[in-house]
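Participant: Predicted model follows, preceded by the sequence.
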Amino acid sequence: MELWYTEKQTDSFGITAKVKRSLHSEQTDFQKLDMLETEEWGNMLTLDGMVMTTERDEFVYHEMVAHVPLFTHPNPENVLIVGGGDGGVIREVLKHDKVKKVVLVDIDGKVIEYSKKFLPAIAGMMDDPRADVRVGDGFMHIAESENIYDVIMVDSTEPVGPAVNLFSKGFYAGIAKALKEDGLFVAQTDNPWFKSDLIAQVNKDVKEIFPVTALYTANIPTYPSGLWTFTMGSKVYHPKEVDASLLPHIETKYYTPELHHAAFVLPKFVQDLLK
Ligand code: SAM
């Protein structure tokens, strides 16, 4: 009997992946957590039926959420990750020698637990001495933080369920408060095919708070539409002013200094969302 995992990305379109077996499935206090072993993508974490990360394509998202902001800021010593319980972003952050401490706040400890168990190549760095992994609401952590972080990355689920507050203008204002006077942040902001209104709204809100706002993209085959966006808000530094030739070498499979710049070159229909 063949088993397939299907994610309906809209009411009338989705993706389907052949599943070898289910490794774990439970309703946590916050969301439905499924860990699936798939033929095409290796082990796959889904939350509330949405693909979060897979062993085969995870590097794209985790490298692009981490290295673009960390190479834009000249001295990213104190870093915060909101969400990120699968451990992929913190693994990439720890490749930067300038980072002295990275705090990760994920609301659901079960995501951390089962990512460590079934996604060891992704979740393997959460016990690093520079890592401070906490279970809690990122919205509350931001509300309680002031003038602490150089870089903040919002690696949350879609704006539903526990993450609904993480795409509000109030949250971005809180991020500005939690950042130092030359800090910057990046948030994953979904795809322009099915979530164009979200991208436009976040861009508008961030522009009203941060002097520098920029959108960049990456290709993530297991995410809705495959074209993913990231919104950056920065108090001082501009991502396009980074001299790619001066960037220190780090081991990557997707990010390159050239792509750091190319990722900000947007298709016309995406540019039009930002007007
Ligand atoms: N890369 C994925 C994406 O773009 O959809 C996100 C992966 S990561 C596993 C998403 C994490 O956000 C989940 O572990 C979830 O528990 C966490 N999360 C959702 N709402 C949160 C909140 N309010 N505070 C902290 N973490 C939250």
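Facilitator: Arrived safely.

Participant: which one's the longest helix in the protein?
Facilitator: Ranked by residue count and defined by DSSP state H, the top helix of the chain is helix 58-72.

Participant: Could you confirm whether that one reaches the ligand?
Facilitator: Yes - judged by Cβ under 6 Å from any ligand atom, helix 58-72 comes into contact with the ligand through residue 61. Backbone N, C-alpha and C define where each C-beta goes, glycine included.

Participant: quick check: mean pLDDT across that helix?
Facilitator: Within the predicted structure, the mean pLDDT of helix 58-72 is 98.

Participant: How about stretch 253-270?
Facilitator: When the per-residue pLDDT values of stretch 253-270 are averaged, the result is 97.

Participant: for it, the distance to its chain's centre please.
Facilitator: When distances are taken as Cα atoms, centre = their mean, to the nearest Å, stretch 253-270 is centred 16 Å away from the chain's centroid.

Participant: Sort out which residues of it are buried, please.
Facilitator: By neighbour count with 16 or more other Cβ atoms under 10 Å, stretch 253-270 contains the buried residues 254-255, 257, 259-261, 263-264, 266, 270.

Participant: what about that stretch and the ligand, touching?
Facilitator: No - Stretch 253-270 stays clear of the ligand (Cβ under 6 Å from any ligand atom), getting no nearer than 14.0 Å.

Participant: Not counting its own residues, what contacts that stretch?
Facilitator: Applying Cβ atoms under 8 Å, 6 or more residues apart in numbering, the external contacts of stretch 253-270 come out as 59-60, 63-64, 67-68, 71, 192, 199, 214-218, 229, 239-240, 242, 244-245, 247, 274.

Participant: mean confidence score for stretch 29-43?
Facilitator: 98.

Participant: and after the top strand by length along the chain, which helix or strand comes next?
Facilitator: Ranked by residue count, the top strand of the chain under DSSP state E comes out as strand 13-27. With elements assigned by DSSP states H and E, the helix or strand that comes after strand 13-27 is strand 32-38.

Participant: Show me what counts as buried in that next one.
Facilitator: By neighbour count, with 16+ other Cβ under 10 Å as the criterion, the buried positions of strand 32-38 are 33-36, 38.

Participant: from those, which is closest to the ligand?
Facilitator: residue 33 (8.8 Å; Cβ to the nearest ligand atom).

Participant: Surely the closest one and residue 109 touch.
Facilitator: No - taking Cβ atoms under 8 Å as the contact criterion, residue 33 and residue 109 are not neighbours in contact, 10.9 Å apart.

Participant: can you list residues touching both of the two?
Facilitator: With Cβ under 8 Å, 6+ apart, residue 33 and residue 109 have no common neighbours.

Participant: filter the contacts of stretch 253-270 to the buried ones?
Facilitator: For the contacts of stretch 253-270, a burial check counting by 16+ other Cβ under 10 Å picks out 59-60, 63-64, 67-68, 71, 192, 199, 214-218, 229, 239, 242.

Participant: Does residue 217 touch residue 230 like I think?
Facilitator: Yes - counting by Cβ under 8 Å, residue 217 touches residue 230, with 7.4 Å between them.

Participant: so what's the most centrally placed residue in the chain up against?
Facilitator: Ranked by distance to the mean C-alpha position of the chain (Cα atoms, centre = their mean), the top residue is residue 155 at 3.2 Å. Neighbouring residues of residue 155 by Cβ under 8 Å, 6+ apart: 65, 81-84, 88-89, 188.

Participant: How about residue 4?
Facilitator: By Cβ under 8 Å, 6+ apart, the residues touching residue 4 are 16-19.

Participant: Check residue 97 too.
Facilitator: Residue 97 is in contact with residue 248, counting by Cβ under 8 Å, 6+ apart.

Participant: Need the three-state assignment for it.
Facilitator: For residue 97, the secondary structure call by DSSP: H, G, I helix; E, B strand; the rest coil comes out as coil.

Participant: Give me the phi and psi for it.
Facilitator: Backbone dihedrals for residue 97, given as degrees, to the nearest 10, come out at phi -60, psi -30.

Participant: wait, does stretch 169-187 contact the ligand?
Facilitator: No - figure legend: stretch 169-187 not in contact with the ligand (Cβ under 6 Å from any ligand atom); closest approach 9.2 Å.
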